[in-house]
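Participant: here's a sequence, model it:
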Amino acid sequence: MILSKITELLNKTLTFLAGLILIVMVLLTCANIVFRMFWVPISGTYELMGFAGALLTAFALAYTQVKKGHISVDVLVNVFPQKVQWVLSAINNGMCFIFFMLAGWQLAIKANTLRTTGEVTETLRIIYYPFTYAVALGCVVLALILLTEFLRQIIPSEEVES
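Facilitator: Numbering: from 1, shown residues only. This next block holds a predicted model:
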């Protein structure tokens, strides 16, 4: 399925970027600690870490879904027959797809507003909207992963894999 290949590529790209962002966060934290020892902290570290944390989280969402790393409480679901579990899983994936598409859409609208108003951070004067668009992208990629999982559940595997 083409959608599966596209989401896999997007997921790998965002995962790679998340890894780079994590490295930058570690380096920035270490550098700030060292410079604080000499009473010269890095200005805007709080802002930079906030942006980096938002990007890291958003970019890791899809990877975590693919690896089944999100927390799920299935105590109640496990008592049902396999067919009911399958239906509930499909419904869950469908509902989560809708939720994260809506979240991505609303974040993109918010980013447009931030772009229009020219909103910037207080210390470093960094514009907000590119980061908001990036978080929206993370939500949309997660939604596409959920859509792919939903389609795999409702379409026989021979048709999905071709």
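
Participant: for Gly53, which non-adjacent residue is spatially closest?
Facilitator: Met25 (7.2 Å; Cβ to Cβ, 6 or more residues apart in numbering). In short, each C-beta sits where N, CA and C put it, glycine included.

Participant: the one you found and Ser43: what is the separation?
Facilitator: Taking Cβ to Cβ, to the nearest Å as the measure, Met25 and Ser43 are separated by 17 Å.

Participant: then Val135?
Facilitator: 24 Å.

Participant: look at those two and report which has more neighbours.
Facilitator: Shown here are Val135 and Ser43; by other Cβ atoms under 10 Å, Val135 has more neighbours (23 against 12).

Participant: and the more buried one, helix, strand or coil?
Facilitator: Each residue gets one of three states, and Val135 gets helix by DSSP: H, G, I helix; E, B strand; the rest coil.

Participant: rewinding a little: surely the residue nearest to Gly53 touches Thr45?
Facilitator: No - in this structure, Met25 is not within contact of Thr45 by Cβ atoms under 8 Å, at 10.2 Å.

Participant: mean confidence for stretch 34-41?
Facilitator: What stretch 34-41 shows for mean pLDDT is 96.

Participant: same check, this time on stretch 52-68
Facilitator: In this model, stretch 52-68 has an average pLDDT of 97.

Participant: next one: it to chain centre, how far?
Facilitator: What separates the centre of stretch 52-68 from the centre of its chain is 4 Å, taken as Cα atoms, centre = their mean, to the nearest Å.

Participant: can I get it in PDB, CA atoms only?
Facilitator: Output of stretch 52-68 as PDB, limited to C-alpha atoms (Å, rounded to 0.1, in the frame of the first residue of the first chain):
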ATOM      1  CA  ALA A  52      13.200  21.400  21.400                       C
ATOM      2  CA  GLY A  53      11.000  19.400  23.900                       C
ATOM      3  CA  ALA A  54       7.900  20.100  21.900                       C
ATOM      4  CA  LEU A  55       9.500  19.100  18.600                       C
ATOM      5  CA  LEU A  56      11.100  16.000  20.200                       C
ATOM      6  CA  THR A  57       7.700  14.900  21.600                       C
ATOM      7  CA  ALA A  58       5.700  15.500  18.400                       C
ATOM      8  CA  PHE A  59       8.300  13.900  16.200                       C
ATOM      9  CA  ALA A  60       8.500  10.800  18.400                       C
ATOM     10  CA  LEU A  61       4.700  10.200  18.500                       C
ATOM     11  CA  ALA A  62       4.500   8.100  15.300                       C
ATOM     12  CA  TYR A  63       7.600   6.000  16.100                       C
ATOM     13  CA  THR A  64       6.100   5.200  19.500                       C
ATOM     14  CA  GLN A  65       2.800   4.200  17.900                       C
ATOM     15  CA  VAL A  66       4.600   1.900  15.400                       C
ATOM     16  CA  LYS A  67       6.600   0.300  18.300                       C
ATOM     17  CA  LYS A  68       3.400   0.000  20.400                       C
END
